[in-house]
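In: Next input, structure requested:
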Amino acid sequence: MEIISNLKFRISNQQSEISNHMWQEKNNQLYKKFEFQNFSEAFAFMTRVAMEAERMNHHPLWTNVYNKVEIWLSTHDAGGVVTDKDEKLAQKIDALLKA
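Out: Alright, predicted model coming up:
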């Protein structure tokens, strides 16, 4: 839990160029790239996203390489296009960075 607490503090105080970009819609998906100071922070962020995604029953496609996390959102049940579910999850993900 200490890592997650430290993540909240560090993310709220750091203004990463990559994580400040808006979500982009391309290829019927919402996309955003996040960059953290290290792997532990990136993984803690992914854990928080996973918990929110599970609550919503809406799971992202994502990758993680060291301190970078890339997320793609689309709704498979709607034919793989962007829906309100994706917009809501994107907002919740962004809110995790401000919490």
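
In: Can you classify the residue positioned nearest the centre of the chain by secondary structure?
Out: Centroid-nearest residue in the chain: residue 93, 4.7 Å away (criterion: Cα atoms, centre = their mean). Assigned by DSSP: H, G, I helix; E, B strand; the rest coil, the conformation of residue 93 is helix.

In: In this structure, what residue spans correspond to helices?
Out: Assigned by DSSP state H, the helices in the chain fall at 2-13, 39-56, 84-98.

In: Out of the ones you listed, flag the one nearest residue 27.
Out: The minimum distance between residue 27 and those falls on helix 84-98, with 12.9 Å, by Cβ to Cβ. For glycine as for every other residue, the C-beta is placed from the backbone atoms N, C-alpha and C.

In: Surely the residue nearest to the centre of the chain touches residue 71?
Out: Yes - with contact defined as Cβ atoms under 8 Å, residue 93 counts as touching residue 71 (6.9 Å).

In: Which residues are in contact with each of these two?
Out: 32, 49 (Cβ atoms under 8 Å, 6 or more residues apart in numbering).

In: farthest residue from the center of the protein?
Out: Distance from the centre of the chain peaks at residue 79, with 21.7 Å (Cα atoms, centre = their mean).

In: so how far is residue 85 from that one?
Out: The gap separating residue 79 from residue 85 is 13 Å, by Cβ to Cβ, to the nearest Å.

In: Kindly report the same for residue 60.
Out: Residue 60 sits 11 Å away from residue 85, going by Cβ to Cβ.

In: Who has more neighbours out of these two?
Out: Neighbours of residue 60 and residue 85, each counted by other Cβ atoms under 10 Å, are more numerous for residue 60; the result is 21 against 16.

In: I figured the more buried one hits residue 74, correct?
Out: No - using Cβ under 8 Å, residue 60 is not in contact with residue 74; the gap is 9.1 Å.

In: circling back to that earlier point, need the contact list for the residue nearest to the centre of the chain.
Out: Contacts of residue 93 by Cβ under 8 Å, 6+ apart are 32, 49, 52, 71.
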